[in-house]
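**Q** below are the sequence and a predicted model; questions follow.
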Amino acid sequence: MDRFWRRAGARLVQVLFGGTFDPVHNGHVMMVESLLRAFPTATVHVIPNHQPLYRACMASSEHRLAMLKAAIDGKSRAVVNEIELDRSGPSYTVDTLRVFREQFGIDESLVFCLGADAAGAVDQWYRPELLAELSHLCILNRADQRVEIPQSLSAYRWTDDLCEMREIGRGLLAFLDSPNVPVSSTVVRELIAKNESRLPVPSKIADYIRQHRLYQDA
Ligand code: ATP
């Protein structure tokens, strides 16, 4: 498989995985690892969203960024990309993908990735019908979840062959089965507020949260 992706002239692939990461947890780390395995020559860009500061119980962008960097430290080909933190205002995925297109060119394969729960809510996004013109879409199915493809994503053509995403730059939709890690940032924040000592996050993230006394009032 690796050799197939690396053959002469093989197109590079940029994988994008966005989220609030408030805080990053074991489910996110598993997702990054699944993407690195599934796209063996890709760079995986982990992209923290810009968030309005008025949202209660939120850690600052600086804290979210520091935790995310610590969580993926040492995973070669995974990078934290600050593109959305550098922009003021809301993080629209179509804007982020347009910047990637400008940076990497019209032919580069861009793969935008989502968890199944997030994919189910895409109809409420800003201009989701434009996504297929800009990127492929990879939906990570947790073991017990299957998502109906929302109407706004109907321009995508489904494929069961991830390698096809290297051959063309955009417009394909694939599912990737991933282990079920039943955790969310909401649950992590609630556990912290209840003073639970065991958190479903990497140990260095638990240390960081304790050291900075984050999420105490969640
Ligand atoms: P919150 O509880 O605050 O809504 P969250 O845990 O869903 O947060 P996000 O940062 O909003 O985390 O999610 C970023 C991406 O990670 C989304 O695509 C989401 O579907 C995916 N994701 C979140 N938790 C998991 C998990 N346990 N397993 C796989 N994917 C996940």
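**A** Nice, thanks for sending it over. Numbering: from 1, shown residues only.

**Q** OK, contacts around F21?
**A** Residues counted as contacts of F21 (Cβ atoms under 8 Å, 6 or more residues apart in numbering) are H28, V46, P48, R64, M67, L68, S185. Every residue, glycine included, has its C-beta placed from N, CA and C.

**Q** so which of the residues you listed belong to helices?
**A** Counting by DSSP state H, those place H28, R64, M67, L68, S185 in helices.

**Q** what's around the first one, how many residues?
**A** Applying other Cβ atoms under 10 Å, we find 25 residues neighbouring H28.

**Q** contact partners for it?
**A** Listed by Cβ under 8 Å, 6+ apart, the contact set of H28 reads G19, F21, V46, A71.

**Q** mind redoing it with 7 Å?
**A** Counting by Cβ atoms under 7 Å, 6 or more residues apart in numbering, H28 touches G19, F21.

**Q** what's the farthest-apart pair in the contacts of F21?
**A** V46 and S185 (14.2 Å; Cβ to Cβ).

**Q** the two: who's more crowded?
**A** Using other Cβ under 10 Å as the criterion, V46 and S185 rank with V46 on top: 26 against 21.

**Q** how close does that one get to the ligand?
**A** Here V46 is placed at a distance of 9 Å from the ligand (Cβ to the nearest ligand atom, to the nearest Å).

**Q** does that residue have beta-bridge partners, and which?
**A** On the basis of DSSP bridges, V46 is bridged to F17, V80.

**Q** re earlier: which of the ones in helices among the contacts of F21 sits closest to the ligand?
**A** Nearest to the ligand among the ones in helices among the contacts of F21: S185, at 3.5 Å, using Cβ to the nearest ligand atom.

**Q** chain neighbours aside, what residue packs nearest to the closest one?
**A** Residue nearest to S185 in three dimensions, not counting chain neighbours: D22, with 5.0 Å by Cβ to Cβ, 6 or more residues apart in numbering.

**Q** helices along this structure, start to end?
**A** Using DSSP H, helices in the chain cover 2-6, 26-38, 61-72, 93-104, 116-119, 131-134, 164-167, 185-193, 203-211.

**Q** fine, thanks again, bye for now.
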